[in-house]
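**Student:** structure of the sequence below:
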Amino acid sequence: MAVVAEIIEFYFETNANRSITGDKYIFKKLNEVEDFTQWFEFEMDLEHDKYTDTLMNVRLDPTNTLGKFYVDYIAF
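**Tutor:** Reported below is the predicted structural model:
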């Protein structure tokens, strides 16, 4: 089975900037996931110049593949 190049997108808002916008966005390429019908874990480095205050809200866009996605947990 071919490896599918997918991207997970993580948007956030902080107490200093209370909106989720494209300038507060981190992404991760998933280069080694072969089967998106199975559970998998991933880690992201949340280094971003606008992530300097208290994290208030997040939006996770799982992949650019259509379908249902389930998130078991998010840990910081």
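
**Student:** max-length strand in the protein?
**Tutor:** In the chain, taking DSSP state E as the definition, the longest strand is strand 6-14.

**Student:** pLDDT of that strand, averaged?
**Tutor:** Mean pLDDT, strand 6-14: 89.

**Student:** how about stretch 51-68?
**Tutor:** Stretch 51-68 comes out with an average pLDDT of 83.

**Student:** show me what counts as buried in that stretch.
**Tutor:** In terms of neighbour count (16 or more other C-beta atoms under 10 Å), stretch 51-68 has its buried residues at 62-63. Any C-beta I mention is one placed from the backbone N, CA and C, and that applies to glycine too.

**Student:** what does it rub up against?
**Tutor:** For stretch 51-68, the surrounding residues in contact (C-beta atoms under 8 Å, 6 or more residues apart in numbering) are 4, 6-18, 20, 24, 30, 36, 69, 71, 74, 76.

**Student:** residue boundaries of the strands in the chain?
**Tutor:** Going by DSSP E, the chain shows strands at 6-14, 25-30, 55-61.
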